[in-house]
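[1] Provided below for reference: sequence and predicted model.
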Amino acid sequence: SQQGEEDPQALSIQEGENATMNCSYKTSINNLQWYRQNSGRGLVHLILIRSNEREKHSGRLRVTLDTSKKSSSLLITASRAADTASYFCATVPVAGHFNKFYFGSGTKLNVKP
Amino acid sequence: GAVVSQHPSWVICKSGTSVKIECRSLDFQATTMFWYRQFPKQSLMLMATSNEGSKATYEQGVEKDKFLINHASLTLSTLTVTSAHPEDSSFYICSAIWTMNTEAFFGQGTRLTVV
């Protein structure tokens, strides 16, 4: 399976704290993307990082990519209760056809007000 | 961002019947659409990839005859669950991309319950 693993599986923090989620994958990738899913809803794209990039920022989000370790991390700074959701990384393999997305197992984030 | 509309949002059907789920890209032409299945508290499992005008490519273990996918136009893909059984009950999500190596836009998902 090309599906990646994420840790932690669940994370509970206080509002204002930072949240860090990690994603590991198995094959060489073209890019890696992070998505957010509120309970029972579709996914919302957060950020895309290409294989030749090491770090990317978007607002309160910071993503890093280490292709040698086949891992990525998502940092949410100054978390808010509204950040409560499940977060998934998705990888697009280099050798893949049709730009397939393979999703990690997800991290369920709970931000307590 | 672009909008992908999935319909219906939820459906309850009797065992043995077929259910069709639609996925439409409303403001862009989707060269490729993906169908996923998600069990409660689990990740998304890719079921199949479809390109407009071509046969869908199914992931290993996904029954082609059970999950019929049609991508007849650049804005519409359909997933038909044939002869549905209770074990087919799940959350089905579609996504669409405009071109290679771009972000995917997701539908809001369809909750299928087979009774």
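    In hand now; what should we look at? Numbering: from 1, shown residues only, chains lettered A, B, ... in the order given.
[2] In contact with the residue minimising distance to the centre of chain B, which residues?
    Using Cα atoms, centre = their mean, the residue of chain B that lies closest to the mean C-alpha position is B:Trp35, 3.6 Å off. Taking Cβ atoms under 8 Å, 6 or more residues apart in numbering or on different chains as the contact definition, B:Trp35 lies against B:23, B:46-48, B:50, B:67, B:69, B:77, B:79, B:92-94. Placement of C-beta: from N, CA and C, glycine included.
[3] Of the residues you listed, which ones also sit close to chain A?
    Restricting the contacts of B:Trp35 to those adjacent to chain A (criterion: Cβ under 8 Å from any Cβ of the partner chain) gives B:46, B:93.
[4] Can you report how many residues lie near A:Tyr102?
    Residues near A:Tyr102, counting by other Cβ atoms under 10 Å in any protein chain shown, number 23.
[5] Is it correct that it is in contact with A:Phe88?
    No: using Cβ atoms under 8 Å, A:Tyr102 makes no contact with A:Phe88, being 10.2 Å away.
[6] Can you name the residues bridging to the residue nearest to the centre of chain B?
    Beta-bridge pairing of B:Trp35, defined through DSSP bridges, involves B:Ala48, B:Cys94.
[7] ok, back up a step: save the contacts of B:Trp35 as CSV, and put in neighbour count too.
    Compiled in CSV, the contacts of B:Trp35 are given as follows (neighbours: other Cβ atoms under 10 Å in any protein chain shown):
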residue, neighbour count
B:Cys23, 28
B:Leu46, 21
B:Met47, 21
B:Ala48, 23
B:Ser50, 26
B:Phe67, 20
B:Ile69, 24
B:Ser77, 31
B:Leu79, 26
B:Tyr92, 24
B:Ile93, 25
B:Cys94, 31
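[8] Out of the contacts of B:Trp35, flag the one nearest to A:Gly40.
    Sorting these by how near they are to A:Gly40, with Cβ to Cβ, puts B:Ile93 at the top with 10.7 Å.
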